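Visitor: Test case, fold it:
(one chain, ligands or ions: 3)
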Amino acid sequence: MAKTWKDKDISLDPLKDQTIAVIGYGIQGDAQSNNMKDSGLNIIVGLKKGGNSWKKAESDGHKVMSVSDACKKADIIHVLLPDMIQSEVYKSEIGPNLSKGKALSFSHAAAIHWKWIDAPKDIDIIMVAPKGPGSKVRETYLENFGTPSIVAVHQDFTGKAWDRTLGIAKAIGSARAGLIQTTFKEEVETDWFGEQADLCGGAASMIQASFETLVEAGYQPEIAYFEVLHELKLIVDMIQRYGINGMWRRVSETARYGGLTRGPMVITSESKDNMKKVLKMIQDGTFNKEWIDEYQKHGKDSFDKYMKETEAHQIEKVGKQMRKMMWPDSTE
Ligand code: NDP
Ligand code: MG
Ligand code: MG
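Guide: Numbers count the residues shown, from 1 in each chain. Ligands and ions are numbered 1, 2, ... in the order given. Below is the predicted model of the structure:
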């Protein structure tokens, strides 16, 4: 059984005299620094001058400074920069300002696990990874609850790395929902597998293939869109709240029998073998190398060429019209 913690198991006392620099004020940085500040911790925000976030962080009441200055002042440096620039900012501004006993903290393990960052031995290296987007991390905190996090210590130089990790997790509200212990290796490999095979890659491919099957058989695209894309959320909400079996118990008898018998005809042992290949490419570093090489060569163009293809897909054109019908006032 995985090791877990709840709010009452953790004290913020070990963090009371520590300064925490949150580097980056984007999706996670904004939410996490506001939660930690509201929890009474000493937060400073490190950003690049002239960027969009500086004003925002300042107007939210934070002390904002350059990444170098924030790292100099801080005991704990919580790196919430986009993953692909962490290595570059580490080299120029974070690394040179690390000293014995400080902590380098992350919400994703990739930079350390894949050695994009080569951190010194005389610091703590820790992770608090919320299992939800930043908007949820803030929203649930303001509702006096939280978004669960998985937590890990990669390097415990001071002997206080766990106090620091758990303190941050408590201060962002995560411990109210619950914390689960992981490792840097497990976090990055399962995170990447989930988004490739299931959440983003798998789900998008399944929706597109289902849509194409119906449209190629002569059904109206609008009807196909409703059936294979729009309604998926209702099912996933049930799965999230009640589990797969709970979902089966809540759909019609025909959906239950049809889904139970036809699902395995769609996702077959061959699909599972492909999932294993995808996992292997993550574990042995093939994917990491490919992604870094691509990003170095093409930057954001690395995925833009695929994005253009999906944008041209009929489901996107129909989808725009359908979503305008259901959310007339919102823009995309
Ligand atoms: P974002 O893309 O939202 O981060 C953008 C922030 O980084 C902005 O404040 C931006 O400032 C700042 N920034 C960009 N370049 C620099 C620079 N050179 N120097 C200083 N600041 C810079 O990142 P996320 O919040 O999505 O991700 C942060 C970490 O959290 C990642 O490790 C990610 O894997 C992890 N994570 C993210 C989740 C999510 O919900 N997105 C979920 C769980 C983990 P400016 O606006 O001024 O350019
Ligand atoms: Mg994830
Ligand atoms: Mg991820």
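Visitor: rest of the way, CA atoms for contacts and neighbours
Guide: Fine.
Visitor: Packing partners of the helix or strand containing residue 270?
Guide: Per DSSP states H and E, residue 270 falls inside helix 269-283. Judged by 3 or more C-alpha pairs under 8 Å, 6 or more residues apart in numbering; DSSP states H and E, the packing partners of helix 269-283 are helix 184-193.
Visitor: so after the helix it packs on, what's the next helix or strand?
Guide: helix 201-216.
Visitor: if you average pLDDT over that following helix, what comes out?
Guide: Taken as a whole, helix 201-216 has a mean pLDDT of 98.
Visitor: Show me the contact partners of it.
Guide: 195-197, 221, 224-225, 228-229, 315 (C-alpha atoms under 8 Å, 6 or more residues apart in numbering).
Visitor: ok, and the most crowded of these?
Guide: residue 225 (24 neighbours; other C-alpha atoms under 10 Å).
Visitor: can you tell me which of the contacts of helix 201-216 lies nearest to ligand 1?
Guide: residue 195 (11.6 Å; C-alpha to the nearest ligand atom).
Visitor: For that closest one, give me its contacts.
Guide: Contacts of residue 195 (C-alpha under 8 Å, 6+ apart): 201-202.
Visitor: so how far is residue 123 from it?
Guide: Computed as C-alpha to C-alpha, to the nearest Å, the residue 195 to residue 123 distance reads 31 Å.
Visitor: how many other residues sit next to the residue nearest to residue 248 when sequence neighbours are not counted?
Guide: Once flanking residues are discounted, residue 248 sits nearest to residue 256: 5.6 Å by C-alpha to C-alpha, 6 or more residues apart in numbering. Per other C-alpha under 10 Å, the neighbour tally for residue 256 reads 16.
Visitor: my guess is residue 256 meets residue 246, correct?
Guide: No - with contact defined as C-alpha atoms under 8 Å, residue 256 does not count as touching residue 246 (11.0 Å).
Visitor: still on that earlier bit, SS state for the residue nearest to residue 248?
Guide: Under DSSP: H, G, I helix; E, B strand; the rest coil, residue 256 falls in the helix class.
Visitor: and the helix or strand of the chain with the lowest mean pLDDT, what other elements does it pack with?
Guide: Ranked by mean pLDDT, DSSP states H and E, the helix or strand of the chain with the weakest confidence is helix 301-312, at a mean of 91. Using 3+ C-alpha pairs under 8 Å, 6+ apart as the contact criterion, no helix or strand is in contact with helix 301-312.
Visitor: Give me the next element, helix or strand, following that helix.
Guide: Next along from helix 301-312, by DSSP H and E: helix 314-326.
Visitor: now the angle between helix 301-312 and that following helix, please.
Guide: 70 degrees (axes from the mean of the first three to the mean of the last three C-alpha atoms, to 10 degrees).
Visitor: by how many degrees do helix 314-326 and helix 201-216 diverge?
Guide: Per the same axes, to 10 degrees, the angle that helix 314-326 makes with helix 201-216 is 90 degrees.
Visitor: so what's the closest residue to residue 161 other than its chain neighbours up against?
Guide: Leaving aside its sequence neighbours, residue 161 sits nearest to residue 124 (C-alpha to C-alpha, 6+ apart; 5.8 Å). Neighbouring residues of residue 124 by C-alpha under 8 Å, 6+ apart: 101-104, 153-158, 161.
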